[in-house]
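Colleague: Starting from these lines, generate the structure:
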Amino acid sequence: MQKVLIYQIEMAHSGKQPLLQAGQDMDSDLDKDDNSEIILHASTRDTSRIIPGQTRDKYYLTYFSFYLLGIVVITPWSFFVTANDYWMYKFRDVNTNVSSFMNEKQTNLQVEFTSFLNVAASVPTLLFLILNIYLIKRVSLSARVLTVMIIMLFLFIMTVFFVTMNTDKWQEEFFVLTMVTMIVLNGCSAILSGSIFGIVGNFSAIYITAVNSGQSLGGIFAAIAEIISLAIGASSTHAAFVYFIIGSATIFLGIISYILMVNTIFFKYNIRVKSLEDYSDSSSSQFIKDVDYSLIFRKIWTIGVTCFMVLFTTTCVSPGVTVLVESEGKGHSKWSDIFFVPVINYLLFNVSDYIGRLSAGRFTKPKNLIVLVVLSFSRLIFVPLLLLCNAQPRHHLDVVFSRDYEFIIILALFALTNGYLVNAAVIKAPQLVEQHETEVALCIISVFIGFGMAFGSLSGYLIVKLL
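Modeller: Numbering: from 1, shown residues only. Modelled structure (predicted):
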């Protein structure tokens with residue numbers, strides 16, 4: 001017999017404390033609900049009552065699970081794009097000396113790989129984010145989340161297998177296979193992202209910040225893994241093997257943490273409508289509120305435009321252009337030849353982005369939504385600034401910012417504003433809609449983000465040709 005549990009919960013989203021707080025501040029935020037009463041409506045004859053004192057996030061399991069799920073969402077992209085040396089090795093000119101392939105003239109596959117990867121990640125993300133809106137009421141949350149994470153785990157294990165294979169005789173086929181793998185991975189990641197963003201809106205703002213910050217933290221972990229492997233002298237294939245294994249382990253832990261999280265009383269308490277199987281029970285229909293998509297769109301369009309512009313600007317040049325920027329001292333030191341790209345382009349970018357997201361959780365400014373939109377458009381200035389850095393090879397534009405410190409400053413500000421504006425916008429979204437509209441609202445915001453990434457990556461492929 002199907003059993004549907006409906007929680008009639010109306011939680012206020014005042015938005016006055018969207019802080020990523022620790023210790024006592026976080027405890028006080030979670031304790032607000034201790035005296036709240038939950039009425040459990042069941043489609044069977046069984047009824048029960050959740051004990052108010054048990055509605056705390058015990059051991060912060062839900063908080064850290066959302067953090068980990070945020071990391072899992074970005075794992076396919078961050079681990080694939082950070083493994084730059086590995087892909088450069090796979091698509092090198094096989095007739096050159098293997099030990100010096102990074103110093104040789106790049107092949108067409110090497111030059112275009114990151115841009116193609118960006119498109120393969122962004123376009124399916126958009127399509128699957130749109131699909132997720134229609135899956136909300138048709139496929140249960142757990143079925144969506146667990147299915148896509150299992151597929152992601154399988155594809156990462158398959159990628160580990162290909163690391164050990166010699167693909168020199170079928171580079172073009174392997175290139176296509178890699179792009180197909182990236183398309184499927186990011187399609188799954190999009191459904192996971194849309195699902196997680198949809199439900200996290202039912203929690204306080206610190207949980208939204210946890211998901212957003214987790215995405216930056218995933219990029220940081222991937223960058224650190226690559227830097228360590230380079231520091232110990234591991235070959236590009238050995239390094240790739242290690243951090244694709246780490247990526248697989250991260251996804252596996254995400255599966256376990258999700259299963260634990262959804263079975264906690266705190267999680268069930270915060271989900272206003274929780275369906276274990278489907279919404280077909282007529283006795284429960286009175287508790288399910290219909291939503292007007294057009295009305296929700298009118299409420300959150302400024303948030304959507306902000307997210308679109310921020311992600312569009314970022315994916316225009318990162319990593320397609322930024323990964324091509326070379327150190328001013330290339331050819332003279334290990335820093336310039338080996339560590340410059342992973343440390344600056346990946347680690348610095350993700351750390352700055354992470355700081356921006358944390359800052360947005362602590363300082364809820366600007367409060368005026370139009371100001372957010374204006375700031376998101378102002379980031380377009382970073383596109384020409386980064387194009388004028390020392391990205392190679394180039395055929396049309398002159399290099400204006402040839403010094404390393406100039407590129408570092410521009411990239412750090414670029415990433416910082418990306419993280420701040422995205423998280424500031426997403427935090428405000430639940431405050432603009434009714435409680436029962438939260439899930440759909442955040443899914444729509446995810447679609448705006450997907451549109452920004454898709455159009456940005458397509459534009460980025462063309463921008464690389466301008467160099």
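Colleague: Only C-alpha atoms from now on, for both contacts and neighbour counts.
Modeller: Noted.
Colleague: And for residue 243, nearest residue in space, chain neighbours not counted?
Modeller: Among residues not flanking residue 243 along the chain, residue 225 sits closest, at 6.2 Å (Cα to Cα, 6 or more residues apart in numbering).
Colleague: Neighbours of residue 368, how many?
Modeller: Residue 368 is flanked by 8 other residues according to other Cα atoms under 10 Å.
Colleague: no no, residue 467
Modeller: Neighbourhood size, residue 467 [other Cα under 10 Å]: 18.
Colleague: Find the residue closest to it in space, skipping its chain neighbours.
Modeller: Nearest one to residue 467, counting by Cα to Cα, 6+ apart, is residue 394 at 4.4 Å.
Colleague: Tell me how many other residues crowd that neighbour.
Modeller: Residues contacting residue 394 under the criterion other Cα under 10 Å number 15.
Colleague: In a helix, it, correct?
Modeller: No - Residue 394: not assigned to a helix; according to DSSP: H, G, I helix; E, B strand; the rest coil it is coil.
Colleague: doesn't residue 245 make contact with the residue nearest to residue 243?
Modeller: No - judged on Cα atoms under 8 Å, residue 225 makes no contact with residue 245 at a distance of 10.9 Å.
Colleague: coming back round to it: is it true that the residue nearest to residue 467 touches residue 387?
Modeller: No - counting by Cα under 8 Å, residue 387 is not a contact partner of residue 394; they are 9.9 Å apart.
Colleague: got any residues that touch both of those two?
Modeller: residue 467 (Cα atoms under 8 Å, 6 or more residues apart in numbering).
Colleague: how about the strands of this protein, start to end?
Modeller: According to DSSP state E, the chain carries its strands in the segments 5-7, 40-42.
Colleague: what's the neighbour count on the closest residue to residue 299 other than its chain neighbours?
Modeller: With sequence-adjacent residues excluded and distances taken as Cα to Cα, 6+ apart, residue 299 is closest to residue 432, at 6.2 Å. Residues within reach of residue 432, counting by other Cα under 10 Å, total 18.
Colleague: pLDDT score assigned to residue 432?
Modeller: Model confidence at residue 432, given as pLDDT, is 91.
Colleague: so how far is residue 196 from it?
Modeller: Residue 432 sits 19 Å away from residue 196 when distances are taken as Cα to Cα, to the nearest Å.
Colleague: now do residue 86
Modeller: Remark: distance between residue 86 and residue 196 (Cα to Cα) = 31 Å.
Colleague: where does the nearest residue to residue 114 once chain neighbours are set aside fall, phi/psi-wise?
Modeller: Nearest residue to residue 114 in three dimensions, chain neighbours excluded: residue 320, at 5.5 Å (Cα to Cα, 6+ apart). Dihedral pair for residue 320: phi -50, psi -40, per degrees, to the nearest 10.
Colleague: residues in contact with residue 320?
Modeller: By Cα under 8 Å, 6+ apart, the contact set of residue 320 is 114, 115, 118, 460, 461, 464.
Colleague: would JSON lines of these with pLDDT and distance to residue 301 be doable?
Modeller: Formatted as JSON lines, these follow (pLDDT from 0 to 100; distance: Cα to Cα, whole Å):
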{"residue": "114", "pLDDT": "80", "distance to residue 301": "31"}
{"residue": "115", "pLDDT": "78", "distance to residue 301": "29"}
{"residue": "118", "pLDDT": "78", "distance to residue 301": "26"}
{"residue": "460", "pLDDT": "83", "distance to residue 301": "25"}
{"residue": "461", "pLDDT": "76", "distance to residue 301": "28"}
{"residue": "464", "pLDDT": "78", "distance to residue 301": "31"}
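Colleague: Can you name the two of those that sit furthest apart?
Modeller: 118 and 464 (12.1 Å; Cα to Cα).
Colleague: For these two, indicate the residue with more neighbours.
Modeller: More crowded of residue 118 and residue 464, by other Cα under 10 Å: residue 118, with 27 against 22.
Colleague: any idea how far residue 379 is from the residue lying closest to that one once chain neighbours are set aside?
Modeller: In space, and not counting its chain neighbours, residue 118 is closest to residue 457: 5.6 Å by Cα to Cα, 6+ apart. Distance of residue 457 to residue 379, given as Cα to Cα: 16 Å.
Colleague: Tell me which of those two has more neighbours.
Modeller: Taking other Cα under 10 Å, residue 457 and residue 379 do not tie; residue 457 has more neighbours (31 against 18).
Colleague: Determine the number of other residues adjacent to residue 331.
Modeller: The burial count for residue 331: 12, using other Cα under 10 Å.
Colleague: Once you drop chain neighbours, what's closest to it?
Modeller: Of all residues not flanking residue 331 in the chain, residue 337 sits nearest, at 6.1 Å (Cα to Cα, 6+ apart).
Colleague: okay, residue 33: pLDDT?
Modeller: pLDDT for residue 33: 39.
Colleague: er, residue 71 actually
Modeller: pLDDT, residue 71: 93.
Colleague: List the contacts of it.
Modeller: The contact partners of residue 71, by Cα under 8 Å, 6+ apart, come to 211, 214, 215, 216, 217, 218, 219, 250.
Colleague: buried stuff in stretch 387-400?
Modeller: Residues of stretch 387-400 classed as buried: 387, 388, 389, 390, 391, 392, 399 (neighbour count, 16 or more other Cα atoms under 10 Å).
Colleague: which ones are touching residue 414?
Modeller: Shown in contact with residue 414 (Cα under 8 Å, 6+ apart): 314, 379, 382.
Colleague: same question but for residue 216, I mixed them up
Modeller: So residue 216 contacts 71, 74, 350, 351, 353, 354 (Cα under 8 Å, 6+ apart).
Colleague: Can you tell me which of those residues lies closest to residue 155?
Modeller: Of all the contacts of residue 216, residue 155 sits closest to residue 74, with 14.6 Å by Cα to Cα.
Colleague: wait, doesn't the closest one sit right on residue 220?
Modeller: No - applying Cα under 8 Å as the test, residue 74 and residue 220 come out as separate, 10.7 Å apart.
Colleague: For residue 135, give its distance to residue 187.
Modeller: Residue 135 is 14 Å from residue 187, where distance means Cα to Cα.
Colleague: before we move on, the earlier item: what's the spacing between the residue nearest to residue 114 and residue 230?
Modeller: Distance of residue 320 to residue 230, computed by Cα to Cα: 22 Å.
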